[in-house]
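>>> Next comes the sequence, and after it the predicted model I'd like to discuss.
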Amino acid sequence: MTRTDTDTDTRADKPGALRAYTQGAKARIAIAAAAAAVAATVWGVTAVVDTGHHPRHENAARQTDDPANGGGGSPRAPGAQQVPEGIAHDSEAGKGAVNITIDDGPDPTWTPKVLDLLKQYDVKATFCMTGPQAKDHPDLVKKVVAGGHRLCDHTMDHNTGMDKKPVEYQQQQILDAKKLIEDAAGGGAEVEYYRAPGGAFTPDSRRIAAANGMRPLGWNVDSKDFSKPGAAAIVNTVKSEIKNGATVLFHDGGGNRSQTVEALEQVLSWLKAEGRPTGFPVVTGPSS
């Protein structure tokens, strides 16, 4: 007999057969569920096995390996925002905007002077701090946050050879610094970026940062202020290289930063005269 939509299953008229059929169906369902569980377990193990990342130096000013959607993601750490692994350069304020970033502090002499200038010109900046400096000067970390600026992880020891170190070392340097900075900031403030010392990013360090809610942060313009070439030279470098992109690198730590403070005032005045907006680096957007 050819079965149609109106056919009646003859098993419905035979209670014994129905029981046998039901028990058989349950057994088949149980077997299928067990097989699915085994498959899921195997898949889960495969998904978390590290296939091996080989650290390599990635120039923070030029790295552009993000796909159009902003780069590959990583599993999030508990409570962390999902961010791309690609190195950020662009500004949230849009095309033509400039991101002021300040590295190696906080410093009790120079960070307050930098904060005063930023307030004078109504500019918000991103401060890339080392863990020990943040721990030693929690009052300055709090002032940075209170001023509406953002925090960036610049590791514990500022080791510019990070890209040649084991993954475990990179993770310790990044996550220990993040904790010290956030503890110093208090009030639930979060570190939103990670900048490798000297631009010594690796696929592993970018993955670790992104998995913990921090966008890897590069730069387009190195003001060269760290070498203390004089305020005029610093200003000229920024003006001549600003065509390279949005993110400018200055320092408030690592020594006498009087030249940086003098140059920063001139740069901020110039940006204002040019009508250039300022902003923060992208957190979730594309990298370049």
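Cool, the structure landed. It should be emphasised that the depicted structure is a prediction, and the values quoted were computed from it without experimental measurement.

>>> dump the residue contacts of residue 192.
Contacts for residue 192 were tallied using C-beta atoms under 8 Å, 6 or more residues apart in numbering; they are 150, 151, 152, 213, 214, 215, 283. C-beta coordinates here come from the backbone N, C-alpha and C atoms, glycine included.

>>> Not counting sequence-adjacent ones, nearest residue to residue 108?
Leaving aside its sequence neighbours, residue 108 sits nearest to residue 137 (C-beta to C-beta, 6 or more residues apart in numbering; 5.9 Å).

>>> Quick one, grab the pLDDT at the closest residue in space to residue 181 that isn't next to it in sequence.
Using C-beta to C-beta, 6+ apart and skipping the chain neighbours, the partner closest in space to residue 181 is residue 134 (4.4 Å). Residue 134 carries a pLDDT score of 98 in this model.

>>> I'd assumed residue 134 was in a helix, is it?
Yes: judged by DSSP: H, G, I helix; E, B strand; the rest coil, residue 134 forms part of a helix.

>>> residue ranges with poor pLDDT in the chain?
Counting by pLDDT under 70, the chain has low-confidence residues at 1-81, 288.

>>> just checking, the residue nearest to residue 108 touches residue 112?
No: distance between residue 137 and residue 112: 10.2 Å, which falls outside the contact criterion (C-beta atoms under 8 Å).

>>> Between those two, point out the one with more neighbours.
Here residue 137 and residue 112 are set side by side on neighbour count (other C-beta atoms under 10 Å), and the busier one is residue 137, at 20 against 15.

>>> count of residues packed around the residue nearest to residue 181?
Using other C-beta under 10 Å, residue 134 has 28 other residues around it.

>>> distance of it from residue 176?
Applying C-beta to C-beta, to the nearest Å, the value for residue 134 to residue 176 is 11 Å.

>>> Contacts only, for residue 154.
103, 104, 128, 129, 130, 177, 195, 197.
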